[in-house]
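Student: next one to model:
(2 chains)
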There are 2 protein chains.
Amino acid sequence: MNLESALRFSHTLLDQVVQQGDTVIDATVGNGNDTIYLASAVGKTGRVYGFDVQQAALDTTKTQLVLTGLLPQTTLIHDGHENLSVHLPSETTLAAAIFNLGYLPGSDKQTITHGKTTISAVQQCLTYLQRGGLVVIVSYYGHPGGKEELSELKTFLQALPQKQFQVLNYQFINQQNEPPILFAIQKR
Amino acid sequence: MNLESALRFSHTLLDQVVQQGDTVIDATVGNGNDTIYLASAVGKTGRVYGFDVQQAALDTTKTQLVLTGLLPQTTLIHDGHENLSVHLPSETTLAAAIFNLGYLPGSDKQTITHGKTTISAVQQCLTYLQRGGLVVIVSYYGHPGGKEELSELKTFLQALPQKQFQVLNYQFINQQNEPPILFAIQKR
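Tutor: Numbers count the residues shown, from 1 in each chain, chains lettered A, B, ... in the order given. Next up, the predicted model:
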């Protein structure tokens, strides 16, 4: 075996929590990989809410969801994840949410996630989270603005009350190319 | 599922690497839990070298090994792990090594591991490590001297050449009681 990358480990963690019938969030649809992964994991009786500010990303993802037969259990929302409470039914109970922070791969790198809106979205997810539920964040931070977002996010996460949440940090520390860092928040 | 503690995750990683017949090291025998775990994992055709500077720890562990029938594949060595090369056959190929840094649980907390000798021992383990092999370090650092050791160790690990090794850091970041931190070094 090889030590799992942050991206791979994000799925290892979600695999242990997300079940058929669950409601989950992909807070950063991007290339749609996680949306498809989650839609498959929750099945036809579950629900995935996917957010992105880039219409093109949602269009591409929708095509993939149609092709894989996973569109029925997926709701794609063209809005920033900081507005997720506006779109979620108030009685929603979340099993999991995933964030991929950075810019859309293959894009012009102009559209990036930001600390303030990321933190707001994470906070909103936590209010809907069920006991044992997970919010997983994979942070790419090598681009301009990335380190600021990472720093703000880490400060926020370190201050989460330990009686309510466990916050795990998983990262490779001897690599020069700034591989992504994973954070996982579990509700006790 | 719950996010695994550093101690539990150390076994999750070792479970994926250590096989029957392997040679492994418990660099800090202490209460003997990891020695017994490793002796069971490598089986009768394998070999565990266990080091401790505390004769009492080795005596207790030996009793447990006899009771569990695991003594034949175990060599207990009353010496500091910084001298491990003295005791290992030069042709040794290691699948794994584990370090539990801190003081012996239940002891007087006077006998602790130290950065300089820990780093020397880790370096020696790396020279014997096979491709894909793992050195796992669980660092308890809440005691006097613990933060210094952790700091020195982390500086050393961050500088390990990335073409030869991957270094993973796994830790909980929102807890006040200084839970242990895990590092895992895998040889590429």
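
Student: residue contacts, the residue of chain A positioned farthest from its centre?
Tutor: Distance from the centre of chain A peaks at residue A:1, with 25.7 Å (CA atoms, centre = their mean). Going by CB atoms under 8 Å, 6 or more residues apart in numbering or on different chains, residue A:1 touches B:16, B:17, B:132. Quick note: C-beta positions are derived from backbone N, CA and C, even for glycine.

Student: so the second one sits in a strand?
Tutor: No. The assignment for residue B:17 (DSSP: H, G, I helix; E, B strand; the rest coil) gives coil, which keeps it out of a strand.

Student: what sits against it?
Tutor: Contacts of residue B:17 by CB under 8 Å, 6+ apart are A:1, B:95, B:96, B:132, B:133, B:134.

Student: what about the fourth one, how many neighbours?
Tutor: By the criterion of other CB atoms under 10 Å in any protein chain shown, residue B:132 has 15 neighbours.

Student: and which of the contacts of residue A:1 is nearest to chain A?
Tutor: Chain A has its nearest neighbour among the contacts of residue A:1 in residue B:16, at 4.0 Å by CB to the nearest CB.

Student: name the element residue A:171 belongs to?
Tutor: Secondary structure assignment for residue A:171, by DSSP states H and E: strand A:165-172.

Student: name the residues of stretch A:13-30 that are buried.
Tutor: Neighbour counts over stretch A:13-30 (16 or more other CB atoms under 10 Å in any protein chain shown) mark A:13-14, A:17-18, A:22-30 as buried.

Student: quick one: distance of it to the chain centre.
Tutor: 8 Å (CA atoms, centre = their mean, to the nearest Å).

Student: give the rounded mean pLDDT of it.
Tutor: If you average the pLDDT over stretch A:13-30, you get 97.

Student: now swap in stretch A:57-64 and tell me
Tutor: So the average pLDDT for stretch A:57-64 ends up being 97.

Student: now swap in stretch A:156-165 and tell me
Tutor: Summarised as a single mean, pLDDT over stretch A:156-165 is 97.

Student: what do you get for stretch A:110-117?
Tutor: On average, stretch A:110-117 scores 87.

Student: buried set for it?
Tutor: So for stretch A:110-117, counting by 16+ other CB under 10 Å, buried means A:112, A:113, A:115.

Student: from the residues you listed, which ones fall inside helices?
Tutor: When DSSP state H is applied, these are split such that residue A:115 fall in helices.

Student: might you enumerate the residues of chain A proximal to chain B?
Tutor: Residues of chain A lying close to chain B by CB under 8 Å from any CB of the partner chain are A:1-3, A:13, A:16-17, A:132, A:154, A:157-162, A:165-176, A:183-184, A:186.

Student: pull out the buried members of those residues.
Tutor: By neighbour count, with 16+ other CB under 10 Å, the residues of chain A next to chain B hold A:3, A:13, A:17, A:154, A:157, A:160, A:165-174, A:183-184, A:186 as buried.

Student: neighbours around residue A:131, how many?
Tutor: Using other CB under 10 Å, residue A:131 has 8 neighbouring residues.

Student: that older thread, ok, of the buried residues of stretch A:110-117, which one's closest to chain B?
Tutor: Closest approach to chain B among those (CB to the nearest CB): residue A:115, at 16.4 Å.

Student: that closest one contacts residue A:152, doesn't it?
Tutor: Yes. Counting by CB atoms under 8 Å, residue A:115 touches residue A:152, with 3.3 Å between them.

Student: average pLDDT across stretch A:172-185?
Tutor: 95.

Student: endpoint to endpoint, it covers what distance?
Tutor: One end of stretch A:172-185 sits 19 Å from the other (CA to CA, to the nearest Å).

Student: what does stretch A:80-92 give?
Tutor: Taking CA to CA, stretch A:80-92 runs 19 Å from one end to the other.

Student: for it, buried residues please.
Tutor: Within stretch A:80-92, the residues that qualify as buried are A:80, A:81, A:82, A:83, A:84, A:88, A:92, counting by 16+ other CB under 10 Å.

Student: between the residues you listed, which sits nearest residue A:47?
Tutor: residue A:92 (8.6 Å; CB to CB).

Student: relative to residue A:142, how far out is residue A:114?
Tutor: From residue A:114 across to residue A:142, the span is 16 Å (CB to CB, to the nearest Å).

Student: burial count for residue A:68?
Tutor: Neighbourhood size, residue A:68 [other CB under 10 Å]: 11.

Student: before we move on, what's the pLDDT of it?
Tutor: As predicted, residue A:68 sits at a pLDDT of 97.

Student: from residue A:162, how far out is it?
Tutor: Applying CB to CB to residue A:68 and residue A:162 gives a distance of 40 Å.

Student: same check on residue A:60?
Tutor: Residue A:60 is 40 Å from residue A:162, where distance means CB to CB.

Student: what sits up against the longest strand anywhere in chain A?
Tutor: Secondary structure assigned by DSSP state E gives strand A:129-139 as the longest strand of chain A. Contacts with strand A:129-139, where a contact means CB under 8 Å, 6+ apart, come from A:6-7, A:10, A:13-14, A:17, A:93-102, A:118, A:122, A:125-126, A:146, A:149-150, A:153, A:180-188, B:1-2.
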